[in-house]
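Undergrad: have a look at this fold, sequence not included:
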């Protein structure tokens, strides 16, 4: 394995990025790596312990078994469940790639492996100039793409793969995630496998939220 640090993106929102990211943290831990999951930007947060906290970030923290400050793992947390740049604008906050990179570097100093989970899809805006793709480029991490297996996923996946390659980032692999019961998925996955020039790191069946994706995943070589 050439890297133990990865950026996880998805074909859309609600495709299971956190579910897969938690699974990747678990898998790296099983390999003996001290691993931390990071969720730099999150919306749809609750007020807990005197600050806004996000359930996805909390799930990553729980799996990471870390005592790092919540604000280091999730520096930008917003109450409304809307696009992060819109939530930030409403709060008068500027989403700073430099600040996120600083947090990432602090985490990386204290961990053998880091899983950075993006928000939404690849081109989700961060501000008037930057997107989630720009964050991935700044971090220079290999990318793992989560594909929600459903009608339309082939187009969404191939467009995202092309965008990742356009940024000259390495696509370390992709994950086929069944976000719902899907009886016609075999041909979809075969098509994606034949057209994506990166390994499929796992085909995840439709699981309950309390189940782990780790046993269905493998790490990039």
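TA: Everything's here; your move. All values reported here derive from a predicted model rather than from experimental measurement.
Undergrad: quick check: mean pLDDT across the strand of greatest length in the chain?
TA: Longest strand in the chain, counting residues (DSSP state E): strand 113-121. The average pLDDT within strand 113-121 is 96.
Undergrad: which secondary structure elements does it contact?
TA: On a contact count with 3 or more Cβ pairs under 8 Å, 6 or more residues apart in numbering; DSSP states H and E, strand 113-121 meets strand 5-10, helix 17-30, strand 35-38, strand 41-43, helix 55-64, helix 97-109, helix 132-139. C-beta coordinates here come from the backbone N, C-alpha and C atoms, glycine included.
Undergrad: dump those into CSV; add distance to residue 189 as well.
TA: As requested, the helices and strands packed on strand 113-121 are arranged in CSV below (distance: least, Cβ to Cβ, whole Å):
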stretch, distance to residue 189
strand 5-10, 16
helix 17-30, 15
strand 35-38, 26
strand 41-43, 29
helix 55-64, 25
helix 97-109, 32
helix 132-139, 25
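Undergrad: any chance of CSV for the ones you listed, columns mean pLDDT and distance to residue 152?
TA: Shown next, in CSV, are those (pLDDT from 0 to 100; distance: least, Cβ to Cβ, whole Å):
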stretch, mean pLDDT, distance to residue 152
strand 5-10, 98, 14
helix 17-30, 97, 17
strand 35-38, 98, 28
strand 41-43, 96, 24
helix 55-64, 97, 23
helix 97-109, 98, 30
helix 132-139, 98, 20
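Undergrad: point out the most buried one among those.
TA: strand 35-38 (a mean of 27; mean count of other Cβ atoms under 10 Å).
Undergrad: which residues outside that strand are in contact with it?
TA: 4, 21-22, 24-25, 28-29, 60-61, 63-64, 66, 68, 73-74, 103-104, 107, 110-117 (Cβ atoms under 8 Å, 6 or more residues apart in numbering).
Undergrad: cool, stretch 171-187 as well?
TA: Contacts to stretch 171-187, defined as Cβ under 8 Å, 6+ apart, come from residues 3, 6, 14-16, 19-20, 142-150, 157, 161, 164-165, 188-189, 192, 196-206, 213, 217, 220.
Undergrad: are any of those buried, and which?
TA: Neighbour-count burial (16 or more other Cβ atoms under 10 Å) is assigned, among those, to 6, 15-16, 19-20, 142-150, 157, 161, 164, 188-189, 192, 196, 198, 201-204, 213, 217, 220.
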